[in-house]
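**Q** Task: produce atomic coordinates for the following.
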Amino acid sequence: MMTDFTEEHTSLPSFRGEEGKGLRGGPQHATPRKLHLPIPNSYRKWLQIQRELSLRKLTEGSKYQEELKYDFNIKGELRHLDTNESFVFNYYKNGHEQNHERYEVLGHSITQYVYELLGRVCMLQKVYIPTDATEDEPRSFFFMSKHALTSSSSLIIFLQDHGAFCAGQWGRRAIVSEGLKHGTQIPFIKMALKSHWEVIVLNPNDNFTDMKTEKERFSVRQSACSIPKRGSSSPEEHTTYVWDHFIAKSAARNVAFIAHGYGGLVFVDLLVQRKREVMNKVYSVAFIDSTHNIQQQSRHDPEIQEWIHRNCREWVSNSKPLNKTVHRLMRVNCPTFSAGTEKYGLAPSCCLQPIFKYLKSMLKAKITTALRNSPVVTRSSTRKKTGY
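**A** So this is what the prediction gives:
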């Protein structure tokens, strides 16, 4: 299972025959030799994409192109092209505004880079919304797999935290500090696709069209030169729009959400607004450090609280080992477990494996229950119903 951005093609020891007796009757030990395995096709594809796609190319032409001589290496880590060192946040001494502007330029380039990875590595399609937008109207978009709307298999929805990062990212700082493996949703997406599930990657933070210059866009001083995007002026509106026009109409019988941070609050908002639809179509939700508040958002609706407790599970940043139970006082919630890290930005990548194990177990339980409750069709009952 490949959760990194490379598939290691290692050299493994191989032996000519087994240890045994030689021609003279004595013990004979084979001499190990190196067996060079072929490079997997997915690894070749990644190498090709690495050559064609460069973060450095995206930062060229900007005001800080000389101060941003960085690119991602084969492991998906951001490194300086000359020194191989990690990113330096405080590049300018006593230059807070310049450091912020430089970081924003880098973040904008990373967003474009991740969009390219979603399309070329994960083979996802970009879908523009609103669907009835006029030619000159500002639009948002999200990503989905080819058969997300037509396949009856499971459909996984990715809902990120609130912040200055877009589709495919769990967090910008995690990408810069820890790499693409930890800061992007790509390992999750690839695991879902490998399990033959379809995916939709929401873009809840793409809410406005900037009418500012590049200098104004990346400046610490924010101006009001932005236009809200219809159907996506907030994370809540974006998620509801995609639900109404795509997810609710999809052929998928089993939908699951993976929601991080503010994304958990957004999902609960969707649950409250589309209660029956969501309860009927969504079989499970994996929260990660969610900021939702069930009592306040549901207005103490016992049915919603019961559904959350029965169909959801949360992983939180905690000092306990991965997947150990965490008791949270003063909060009525679903079963909660440790993400295996105290670092908020690393929580998603750290609990990838237990999240998918949980979603698969919930899916299996739902299918088993459905089969148990479905009537058994026999030849005699068919004759009675049809009159034969």
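**Q** C-alpha from now on. contacts and neighbour counts both.
**A** OK.
**Q** The stretch 201-350 of the chain: strands as residue ranges?
**A** 208-210, 226-228, 255-260, 282-288, 312-316, 336-338 (DSSP state E, counting those that start in this stretch).
**Q** wait, I meant the stretch 1-150 of the chain
**A** Using DSSP E, counting those that start in this stretch, strands in the stretch 1-150 of the chain cover 11-14, 20-21, 27-28, 33-36, 70-72, 78-80, 125-129, 140-144.
**Q** Around Phe356, how many other residues sit close by?
**A** By the measure other C-alpha atoms under 10 Å, the count of residues near Phe356 is 17.
**Q** Which element, helix or strand, includes it?
**A** Taking DSSP states H and E as the criterion, Phe356 maps to helix 352-373.
**Q** and the angle for that helix with strand 282-288?
**A** Per axes from the mean of the first three to the mean of the last three C-alpha atoms, to 10 degrees, the angle that helix 352-373 makes with strand 282-288 is 160 degrees.
**Q** how much space between Asn205 and Glu236?
**A** Separation of Asn205 from Glu236 (C-alpha to C-alpha, to the nearest Å): 10 Å.
**Q** how far does stretch 270-285 stretch from start to finish?
**A** With C-alpha to C-alpha, one end of stretch 270-285 sits 12 Å from the other.
**Q** and Ser177, what is it in contact with?
**A** Residues near Ser177 by C-alpha atoms under 8 Å, 6 or more residues apart in numbering: 78, 86-87.
**Q** That one and Leu346, how far apart?
**A** Applying C-alpha to C-alpha, the value for Ser177 to Leu346 is 10 Å.
**Q** do Glu303 as well
**A** 33 Å.
**Q** Please say which of the two ends up with more neighbours.
**A** Leu346 (22 against 11).
**Q** tell me which element the nearest residue to the more buried one once chain neighbours are set aside falls in.
**A** Spatial nearest neighbour of Leu346, chain neighbours left out: His182 (6.2 Å); criterion: C-alpha to C-alpha, 6 or more residues apart in numbering. Using DSSP H and E, His182 sits within helix 180-183.
**Q** Give the buried residues for the helix or strand following that helix.
**A** Of the helices and strands lying after helix 180-183 in sequence (DSSP H and E), the nearest is helix 186-194. The neighbour-count check on helix 186-194 (16 or more other C-alpha atoms under 10 Å) flags 186-193 as buried.
**Q** average model confidence for the helix holding Phe356?
**A** Averaged over helix 352-373, pLDDT sits at 94.
**Q** For that helix, which helices and strands make contact with it?
**A** Packed against helix 352-373 by the contact rule (3 or more C-alpha pairs under 8 Å, 6 or more residues apart in numbering; DSSP states H and E) you find strand 282-288.
**Q** neighbouring strands for the strand it packs on, and are they parallel or not?
**A** Take DSSP bridges as the rule and strand 282-288 pairs in its sheet with strand 255-260 (parallel), strand 312-316 (parallel).
**Q** Show me where the stretch 151-300 of the chain dips below the pLDDT cut-off.
**A** Applying pLDDT under 70 to the stretch 151-300 of the chain picks out residues 212-224.
**Q** Report the contact partners of Thr325.
**A** 335-338 are the contacts of Thr325 under C-alpha under 8 Å, 6+ apart.
**Q** Next, format those as a markdown table and append neighbour count and distance to Phe143.
**A** Shown next, in a markdown table, are the contacts of Thr325 (neighbours: other C-alpha atoms under 10 Å; distance: C-alpha to C-alpha, whole Å):
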| residue | neighbour count | distance to Phe143 |
| --- | --- | --- |
| Pro335 | 17 | 30 |
| Thr336 | 20 | 29 |
| Phe337 | 24 | 29 |
| Ser338 | 25 | 29 |
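**Q** from those, which is closest to Ile110?
**A** Nearest to Ile110, judged by C-alpha to C-alpha, of those is Ser338 at 29.2 Å.
**Q** Between the strands of the stretch 201-350 of the chain, which one is closest to Arg299.
**A** Using C-alpha to C-alpha, the nearest of those to Arg299 is strand 312-316, at 18.6 Å.
**Q** Quick check: mean pLDDT of that closest one?
**A** 97.
**Q** Need the CA coordinates for that strand. PDB is fine.
**A** C-alpha atoms of strand 312-316 as PDB (Å, rounded to 0.1, in the frame of the first residue of the first chain):
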ATOM      1  CA  CYS A 312     -19.300   8.700  13.900                       C
ATOM      2  CA  ARG A 313     -15.900   8.400  15.500                       C
ATOM      3  CA  GLU A 314     -13.300  11.100  16.200                       C
ATOM      4  CA  TRP A 315      -9.500  11.200  16.400                       C
ATOM      5  CA  VAL A 316      -7.900  14.000  18.400                       C
END
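**Q** now Ser374: how far from Ser154?
**A** Distance from Ser374 to Ser154, by C-alpha to C-alpha: 20 Å.
**Q** nope, Tyr128 is what I meant
**A** Taking C-alpha to C-alpha as the measure, Tyr128 falls 23 Å from Ser154.
**Q** Who has more neighbours out of these two?
**A** Ser154 (22 against 13).
**Q** what residues are up against the more buried one?
**A** Counting by C-alpha under 8 Å, 6+ apart, Ser154 has contacts 196-198, 252-256.
**Q** cool, Arg299 as well?
**A** Arg299 touches nothing, counting by C-alpha under 8 Å, 6+ apart.
**Q** Likewise for Glu314?
**A** 286-290, 334-337.
**Q** Look up how far Met191 lies from it.
**A** According to C-alpha to C-alpha, Glu314 and Met191 sit 19 Å apart.
**Q** which residues touch the longest helix anywhere in the chain?
**A** Secondary structure of the chain per DSSP state H: the longest helix is helix 96-120. The contact list for helix 96-120, computed with C-alpha under 8 Å, 6+ apart, reads 49, 53-55, 58-59, 62, 64, 67-68, 89-92, 124-126, 143, 165-169, 172, 184, 186, 218-220.
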